[in-house]
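Q: heads up, no residue letters with this:
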Ligand SMILES: Nc1ncnc2c1ncn2[C@@H]1O[C@H](COP(=O)(O)OP(=O)(O)O)[C@@H](O)[C@H]1O
Ligand SMILES: O=P(O)(O)OC[C@H](O)CO
């Protein structure tokens, strides 16, 4: 067996799955990516094929290893990070999913969640789970699966989020587990004692037996079956992808935060050992957990503003209405027009998350005149991504101890220079873009590597960070502030759309 020289990191996101191999210097020596098929069986529904995720996971891992031209026995550990909340049921005897996975953006359980809200369960659910009642979280999705799949044999059924499913597959059915950060997004975990919460399980009618064991994020999860990658690799870290990005940005002191622009935008602030409760409908959630030197569970928490649709609007421009051919061209299109032409877009393609939590809002353009071109539409969509983040920054600012002086970013859409400059103009603070935009995968690699002593401490990651570009607020950016106020009006008009129209 060779000397372990590498860490394998898997990032299974909403748009696609990626694998990166890192050497001891934190350099990427091999990587692979595969886009994931999105299934839209009905308006507002979104599903993923769990077997496709599993096959893609194997493919990206093997391809990254091949590209790096290394032997899998040289891999010291594997870290796994995933899109959160997306969940499924599978048969533990056959290894077959019982249904496609219901994705976090899926709104099919909106009316059940609305019922819980009107029955007054909001405060109790928030107190127990740290989450605001919404179809976003796994609980109502699992309840839907259990209700709608015929003849479920409970004895052979397992449930889980994507990390549980892939961990189970990687270990060839030996480990049915999850970590505290992913479990905290199910709406079934008690945020204070970090265990499955009996009251929440009863409320959503989820049997405890089908759920995975919750384990510390940093620690031993088992080893990969040697048949998969040619050797048994220890799995030593699992995190939700936003928490992995938080770790990757080294946000390990209370008040430090990051914003990821992927399928959605997620502004997450580390709050330390305390659960900080927001007055503005932000989520309290687990950042990560580990067993400390005294053998006690050591949990760190975070405050989060989840915005459901950002890069997803760009995908809609590409795949839905075919206004663009690729995401990159949105930047040049947006700068081809002097301004937004009075056009405003509300990115409520999956309802609105923080701070509105309106499951019945729908995407809308306001201000269309005969002079509006496709460039204006693209620009309005990009501006909307930035307005959403501004709205959440304003709220998190008041909830956190220190005002935000700089916004650190990552994710696919942060490559867009127009978007980042507009964001800086809107926030009136610098926006800092690291050289490595795949911070999520870097974060989980470092977490897995630190557990096995491959790297000694998080400082190694911090010291290796290179800032590629800082977007400073432009001198004359008053228009951005004025436009933000108009956009807020547009948001108000798009809210409660389904309730008022009674359409799907
Ligand atoms: N240059 C760009 N401008 C705007 N959006 C982009 C650009 N490049 C990628 N995106 C968007 O970023 C998203 C992919 O980012 P990624 O961080 O991989 O997301 P996820 O982790 O959700 O799968 C896609 O929705 C894509 O439309
Ligand atoms: O797949 P991403 O990176 O857009 O992240 C999805 C989030 O985890 C959903 O909560």
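A: Okay, I see it. For clarity, every value in this text was computed on a predicted model and none was experimentally measured. Ligands and ions are numbered 1, 2, ... in the order given.
Q: contacts, neighbours, all on C-alpha from now
A: Noted.
Q: how about the residues of the stretch 1-150 of the chain that lie near ligand 1?
A: Proximity of the stretch 1-150 of the chain to ligand 1, by Cα under 6 Å from any ligand atom, involves residues 13-16.
Q: Let's see that with 8 Å instead.
A: By Cα under 8 Å from any ligand atom, the part of the stretch 1-150 of the chain that sits against ligand 1 consists of 11-17, 83.
Q: Same check on the stretch 251-400 of the chain?
A: So the stretch 251-400 of the chain meets ligand 1 at 260-264, 310-315, 327-331, 382 (Cα under 8 Å from any ligand atom).
Q: These in strands, which ones?
A: Cross-referencing these against strands under DSSP state E gives 260-261.
Q: filter the residues of the stretch 251-400 of the chain next to ligand 1 to the buried ones?
A: Among those, those buried by neighbour count (16 or more other Cα atoms under 10 Å) are 260-264, 310-315, 327, 330-331, 382.
Q: Give me the lowest-pLDDT entry from those residues.
A: Ranked by pLDDT, those bottom out at residue 263, which has 88.
Q: quick one, what contacts it?
A: Listed by Cα atoms under 8 Å, 6 or more residues apart in numbering, the contact set of residue 263 reads 14-15, 308-312.
Q: make it 6 Å
A: Neighbouring residues of residue 263 by Cα atoms under 6 Å, 6 or more residues apart in numbering: 310-312.
Q: Report the entries of these that also contact ligand 2.
A: By Cα under 8 Å from any ligand atom, no member of those lies near ligand 2.
Q: Using a markdown table, lay out the residues you listed together with distance to residue 48.
A: As requested, the contacts of residue 263 are arranged in a markdown table below (distance: Cα to Cα, whole Å):
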| residue | distance to residue 48 |
| --- | --- |
| 310 | 19 |
| 311 | 18 |
| 312 | 15 |
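Q: Looking at those, spot the one nearest residue 126.
A: Nearest to residue 126 out of the contacts of residue 263 is residue 310 (Cα to Cα; 25.4 Å).
Q: Name the nearest residue to the closest one, ignoring sequence neighbours.
A: The shortest distance from residue 310 to any non-neighbouring residue, by Cα to Cα, 6 or more residues apart in numbering, is to residue 264 (4.6 Å).
Q: Quick check: mean pLDDT of stretch 333-353?
A: 95.
Q: Then stretch 100-114?
A: Computed over stretch 100-114, the average pLDDT equals 95.
Q: Kindly report the residues of the chain close to ligand 2.
A: Contact residues (Cα under 8 Å from any ligand atom) of the chain with ligand 2: 12-16, 82-86, 104-105, 136, 185, 240-242, 260-266, 306, 308, 411.
Q: can you count the residues close to the nearest residue to residue 498 once chain neighbours are set aside?
A: Counting by Cα to Cα, 6+ apart, residue 498 lies nearest to residue 360, which is 4.9 Å off, once chain neighbours are set aside. Neighbourhood size, residue 360 [other Cα atoms under 10 Å]: 23.
Q: what's the answer for the one 3 residues further on, then?
A: Using other Cα under 10 Å, the number of residues around residue 363 comes to 18.
Q: And residue 68, by the same measure?
A: Taking other Cα under 10 Å as the neighbour definition, residue 68 ends up with a count of 16.
Q: and the nearest residue to it once chain neighbours are set aside, bridged to which residues?
A: Excluding its sequence neighbours, the residue lying closest to residue 68 (Cα to Cα, 6+ apart) is residue 30, at 4.4 Å. For residue 30, the beta-bridge partners under DSSP bridges are residue 21.
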